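**Q** 3D, please:
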Amino acid sequence: MDSLSYSWNLAGSLSATATRGGAGVVARPAAQQPAKTLELYDFEGCPHCRLVREVITELDLDVMVYPCPKQGQRFRPKVLEAGGKHQFPFLIDPNNGVELYEAADIIDYLFRTYGETEPPLHWRAVELQRVGSMLSSIPLLGRGSRVRPSQAPEEPLELYSFEASPFARPVRELLCELEIPYLLRSVGRTVASDWIPPAVRQALSLKPKPESRNRKRLLADAGQISIPYLVDPNTGTGLAESSAILTYLESHYATG
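**A** Residues are numbered from 1 along each chain as shown. Here you go, the predicted structure:
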């Protein structure tokens, strides 16, 4: 991706984050983690799906994301087979044999099942949240909605991300367009030090002191905390920096 296109995408992503008022930034870890990984069929540009991903960040849950962009053929047929309709988001919880459409129902389920509480007030007003999410889609200009030709990886990729990150969003958009499945490892901010940008930490010689499980994991495995961070087990590649990840995905998986 050339620098102009990347700058344009990043500007739209920053606008989307600002429009959502910081939703999908802070994590309040769920009371329990699923024993088996949740499966989410969605597409990045969908405003209804965005609400579910914000809650996934808030509850600090990991999910296997199966991108289903418009006109995609890799995972959309499974949603039709399992649920009977092409509607997104679609959640499968193999721990309880639950399959759910509708953002409001999924949000309620995640809070009650893994947060072990009813949804907080701001998530009980789902229709209001839906309007805000639709508005935040405007500056994204449809990115993360339509399929592009790609080569499927043998194994799913792994992405450390939180929903509101303006730098992670372009990566998720491209993963969606290329229909590349990935394990989303949530890294929402939980302590004050999580808010310090990596460049500032480096300049001030500050060591990160994460408290969340995935930030600790990322620091141990990669030696740094930089969001987004992509792991590709197919090539043994680990990459920080949004622009570098986009270039990598284009060169290794895009075919047209």
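
**Q** Where does the prediction get shaky in the protein?
**A** Low-confidence segments of the chain, defined by pLDDT under 70, are located at 1.

**Q** which residue is nearest the centroid of it?
**A** Nearest to the mean C-alpha position of the chain, by CA atoms, centre = their mean, lies residue 163 at 5.2 Å.

**Q** Skip the chain neighbours and tell me the closest residue to that residue.
**A** residue 24 (3.1 Å; CB to CB, 6 or more residues apart in numbering). C-beta coordinates here come from the backbone N, C-alpha and C atoms, glycine included.

**Q** and that neighbour, which of the three is it?
**A** coil (DSSP: H, G, I helix; E, B strand; the rest coil).

**Q** residues contacting it?
**A** By CB atoms under 8 Å, 6 or more residues apart in numbering, the residues touching residue 24 are 50, 53, 54, 57, 58, 162, 163, 164, 188.

**Q** So it versus residue 60, what's the distance?
**A** Separation of residue 24 from residue 60 (CB to CB, to the nearest Å): 12 Å.

**Q** for residue 127, same thing?
**A** Taken as CB to CB, the span from residue 127 to residue 60 is 25 Å.

**Q** Please identify which of the two sits among more neighbours.
**A** Taking other CB atoms under 10 Å, residue 127 and residue 60 do not tie; residue 60 has more neighbours (24 against 8).

**Q** Show me the helices in the protein, by range?
**A** Listed in chain order, the helices of the chain (DSSP state H) span 3-19, 47-59, 76-83, 103-110, 121-124, 126-137, 168-177, 198-203, 213-222, 242-252.

**Q** how about the ones you listed in a markdown table, adding distance to residue 236?
**A** Listed next are those as a markdown table, based on distance: least, CB to CB, whole Å:
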| stretch | distance to residue 236 |
| --- | --- |
| helix 3-19 | 25 |
| helix 47-59 | 27 |
| helix 76-83 | 28 |
| helix 103-110 | 33 |
| helix 121-124 | 39 |
| helix 126-137 | 35 |
| helix 168-177 | 18 |
| helix 198-203 | 23 |
| helix 213-222 | 12 |
| helix 242-252 | 12 |
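
**Q** With respect to residue 33, which of the ones you listed lies nearest?
**A** With CB to CB, the closest approach to residue 33 among the helices of the chain belongs to helix 213-222: 8.3 Å.

**Q** Give me the buried positions along the closest one.
**A** Buried residues in helix 213-222, counting neighbours by 16 or more other CB atoms under 10 Å, are found at 213, 214, 215, 218.

**Q** ok, these vs residue 8, which is closest?
**A** Nearest member of these to residue 8, counting by CB to CB, is residue 218, at 28.3 Å.

**Q** who's in contact with that closest one?
**A** 160, 185, 187, 210, 224, 225, 229.

**Q** 6 Å instead, please
**A** Residues in contact with residue 218 (CB atoms under 6 Å, 6 or more residues apart in numbering) are 160, 225, 229.

**Q** Check residue 62 too.
**A** residue 185.

**Q** And residue 239, how far from residue 224?
**A** From residue 239 across to residue 224, the span is 11 Å (CB to CB).

**Q** Leaving out the residues flanking it, which one is nearest to residue 170?
**A** Nearest residue to residue 170, sequence neighbours excluded (CB to CB, 6+ apart): residue 9, at 4.8 Å.

**Q** Sweet, I'm off.
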